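Chemist: any chance you could fold what I've pasted below:
(4 chains)
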There are 2 protein chains.
Amino acid sequence: METVVSEKKQRILEAAACLFRDKGYSATSMRDLAGAVNLKASSLYNHISSKEEILQEICLANASRFHRGMEQIRELPEDDPQGRLEALLKLHIRIATQDVTSVTSFNDEWRHLSEPYLTQFLDMRRAYESFFRRVIRKGTEQGLFRPADESVVLYSLISSLRWLYDWYEPGKRLAPADLEEQLIPLLIRGILVG
Amino acid sequence: METVVSEKKQRILEAAACLFRDKGYSATSMRDLAGAVNLKASSLYNHISSKEEILQEICLANASRFHRGMEQIRELPEDDPQGRLEALLKLHIRIATQDVTSVTSFNDEWRHLSEPYLTQFLDMRRAYESFFRRVIRKGTEQGLFRPADESVVLYSLISSLRWLYDWYEPGKRLAPADLEEQLIPLLIRGILVG
DNA sequence: GTCTATATAAGGATAGAC
DNA sequence: GTCTATCCTTATATAGAC
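Modeler: Next comes the predicted model:
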């Protein structure tokens, strides 16, 4: 599954993530990207086969980060939905603070994937969201979370963390641990009973 | 300030907002837009002077909606930060549920504005955020809101409402009033002391 | 006010020399 | 593996007939 990626290809993918975040996928040209890594546009094709392949790799890489995180959280006891929910929130914060640019273009630019990659991507996202939903539902059934519309809780939680991708500056002001300490209670207090 | 807009121009702006939301500004061509309103691309230029002018009008219109809302909330008593905060959240929910498509492309596509419109737009946004910040600060000073990093509170609130723009389907499942009833306590309980 | 035709620029991608 | 040159398509926008 994991493909070996040459050092140069990695540099290209990183520069692309940066440009996609700043200008968007469509507004980023292969000439822009080539300039960012000191190459001519045609030379890029020695490392990647098309512009879209770059987006595919960025999206897949980040979808995998969420997927792996989910698999670990699945190991936590099912009857501790608060623990699982906190772990999910931590996962988002950790991913955002570790590789901001890549996850931003993953968040915003996936819609430019062509088939079958688009469907594949949406399937992965659906699976992730559906796990998240089960955690919420379990907490509500246990009477631990306040009764509320599941989608409202899900999407407001997920999207309340999305600003990190635009905003977080590594090494500045708030360390990842401080962010977790501030954000998780802020979000979870709205949900818990009591 | 308010420009008179012909009926046809209005239709073009609405179709454009729709396309910008679905495909993004850059990936939307004038031919796409022309097709959506049953014209040839060149005919569009009888109604608008450039593709970017469309984006400018969409962004300005929505920035104004937030600006007008803010001016009304400014009338509320300054020493009731909870009331003001709830009004701000209501404003976002109302704008999102009233004209979903337009506000979405406003949210996501403003970065494609060229100067001096970009600076103008960012100035308006800064002014809005700074009012929002003052409300948060006042609540914290009064001991009504839990002490927390102002930016963390601001951005997590604002972005926790941004999913509405992607998700909300007018007339389906949840009425705007139900949304308010669910979302505002969910968000505000995380902030309030006690 | 809409059309056809076209100007002009920029886009993704390939061929072939080095 | 990188370059120059180039192909082909698509983009925004304009000119001018109707």
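Chemist: lowest-confidence helix or strand of chain A?
Modeler: helix A:163-167 (a mean of 84; mean pLDDT, DSSP states H and E).
Chemist: look up which helix or strand residue A:17 falls in, please.
Modeler: Using DSSP states H and E, residue A:17 sits within helix A:7-23.
Chemist: check whether the helix or strand following that helix comes near DNA strand C.
Modeler: Under the assignment DSSP H and E, the closest C-terminal helix or strand after helix A:7-23 is helix A:30-36. Yes: for helix A:30-36, a contact with DNA strand C is found by Cβ under 7 Å from any atom of the strand, at A:30-32. Quick note: C-beta positions are derived from backbone N, CA and C, even for glycine.
Chemist: re the thing from before, now do the buried residues in the helix holding residue A:17.
Modeler: Neighbour counts using 16 or more other Cβ atoms under 10 Å in any protein chain shown place A:9, A:12-21 of helix A:7-23 among the buried residues.
Chemist: ok, these vs chain B, which is closest?
Modeler: Nearest to chain B among the buried residues of helix A:7-23, counting by Cβ to the nearest Cβ, is residue A:21 at 10.2 Å.
Chemist: surely that closest one touches residue A:103?
Modeler: No: when contacts are counted by Cβ atoms under 8 Å, residue A:21 is not listed as touching residue A:103 (9.2 Å).
Chemist: what about residue A:81, how many residues close to it?
Modeler: 22 (other Cβ atoms under 10 Å in any protein chain shown).
Chemist: ok, it - contacts?
Modeler: Contacts for residue A:81 (Cβ atoms under 8 Å, 6 or more residues apart in numbering or on different chains) come out as A:135-136, A:138-139, A:142, A:144-145.
Chemist: turn those into CSV, columns for secondary structure.
Modeler: Shown next, in CSV, are the contacts of residue A:81 (DSSP: H, G, I helix; E, B strand; the rest coil):
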residue, secondary structure
A:135, helix
A:136, helix
A:138, helix
A:139, helix
A:142, coil
A:144, coil
A:145, strand
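Chemist: neighbouring contacts of stretch A:109-123?
Modeler: With Cβ under 8 Å, 6+ apart as the criterion, stretch A:109-123 contacts A:20, A:24-26, A:52, A:55-56, A:58-60, A:63, B:22-24, B:27.
Chemist: average model confidence for it?
Modeler: Averaged over stretch A:109-123, pLDDT sits at 97.
Chemist: stretch A:71-80 too?
Modeler: Mean predicted confidence for stretch A:71-80 is 98.
Chemist: got the buried residues for it?
Modeler: In stretch A:71-80, counting by 16+ other Cβ under 10 Å, buried: A:73, A:80.
Chemist: how far off centre is that stretch?
Modeler: 20 Å (Cα atoms, centre = their mean, to the nearest Å).
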